[in-house]
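S.K.: Sharing a model prediction with you, sequence too.
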Amino acid sequence: MLAEAVAGSEPAFVARMNAKAKRLGMTRTKFINPHGLPAPAQVTTARDLAKLARAIITDYPEYAHYWSMTQMRIGKIKLRSHNGLLRSFKGADGLKTGFICDSGFNVVASATRDGTRLVAIVLGDASSAERNVRAKSLLEYGYQQPGWKQLFNTITLDNLPMTPNAKGVRSVRKSVVSWSCNPKKARTAKKRRRKKKKSAKKSKKPLSSAQANTR
């Protein structure tokens, strides 16, 4: 509906998306639809998403409060953000999560500390928990680097060389822990969580007087 309102039709809007991506230097991105749902030919890369994130942050700062919202309400319905970093990482303030079976759990994570804003791109993780851990690690690593090191760093997002071992497009569906993508893995993960909860309950069980005396 938004695409039709803005450009007159979905194909016209997608054409505008691809034109904008080209202007931003997103050289390995191709949009097929405006909503991001699965399409075999629709692809992007971590570098290209970083360029998109940079443009959004720079060009539309007036909307930053939307990206940092942990929840919102529509009538009686409360919707919570899937970005776990907003609740667990100091300075986290955005930006966008994503998930489909073939690309796994993804996030464009941003954080600001002492006036310094960093963005981490994580693609293709097997679970939302793993996605959060990787994003946190990347951001924390960035903040732990001394500022003086960056003064001598000539590598930027635009001239960062591509690894010679870069792989083509591939699906991570078989490794994703999700009922919709991989029921077997989801059942296994659920059983593991149950075992952990049971063992945690046992460890919290108060000792009897006899046990306490022997220990």
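M.R.: Done, it's in. Predicted, not measured: the structure shown is a model, and the values here were computed from it.

S.K.: Stretch 15-31: end-to-end distance?
M.R.: From its first residue to its last, stretch 15-31 covers 8 Å (CA to CA, to the nearest Å).

S.K.: contacts for that stretch?
M.R.: 6-7, 14, 34, 41-45, 47-48, 51-52, 55, 158 (CB atoms under 8 Å, 6 or more residues apart in numbering). To be clear about C-beta, it is placed using only N, CA and C from the backbone, and glycine gets the same treatment.

S.K.: Pull out the buried residues from it.
M.R.: Neighbour counts over stretch 15-31 (16 or more other CB atoms under 10 Å) mark 17, 21, 26, 29, 31 as buried.

S.K.: which secondary structure element contains the first one?
M.R.: I take that to be Met17. Assigned by DSSP states H and E, Met17 belongs to helix 10-23.

S.K.: hang on, the earlier thing: tell me which of the contacts of stretch 15-31 has the lowest pLDDT.
M.R.: Among those, Asp158 carries the weakest pLDDT, at 91.

S.K.: Just give the nearest non-adjacent residue to that one, would you?
M.R.: Leaving aside its chain neighbours, Asp158 sits nearest to Gly25 (6.6 Å; criterion: CB to CB, 6 or more residues apart in numbering).

S.K.: gap between that neighbour and Leu139?
M.R.: For Gly25, the distance to Leu139 equals 23 Å [CB to CB, to the nearest Å].

S.K.: just Ala120 next, same as before
M.R.: Using CB to CB, Ala120 is found at 5 Å from Leu139.

S.K.: which neighbours do these two share?
M.R.: Ala109.

S.K.: What lies in contact with stretch 52-68?
M.R.: Residues from elsewhere that reach stretch 52-68 (CB under 8 Å, 6+ apart): 21, 24, 26, 86, 92-96, 108, 110, 117, 119, 121, 157.

S.K.: Would you mind listing which of those are buried?
M.R.: Using 16+ other CB under 10 Å, the buried ones in the contacts of stretch 52-68 are 21, 26, 86, 92-96, 108, 110, 119, 121.

S.K.: May I ask which helix or strand of this protein has the lowest mean pLDDT?
M.R.: Within the chain, no helix or strand scores below helix 209-214, which has a mean of 51 by mean pLDDT, DSSP states H and E.

S.K.: residue contacts, Asp48?
M.R.: Asp48 neighbours (CB under 8 Å, 6+ apart): 21, 26-29.

S.K.: hmm, which two among those are most spread apart?
M.R.: With CB to CB as the measure, no two of the contacts of Asp48 lie farther apart than Ala21 and Arg28, at 9.6 Å.

S.K.: Helices along this structure, start to end?
M.R.: Per DSSP state H, the chain carries helices over the ranges 2-7, 10-23, 46-59, 64-67, 85-88, 128-144, 147-151, 183-204, 209-214.
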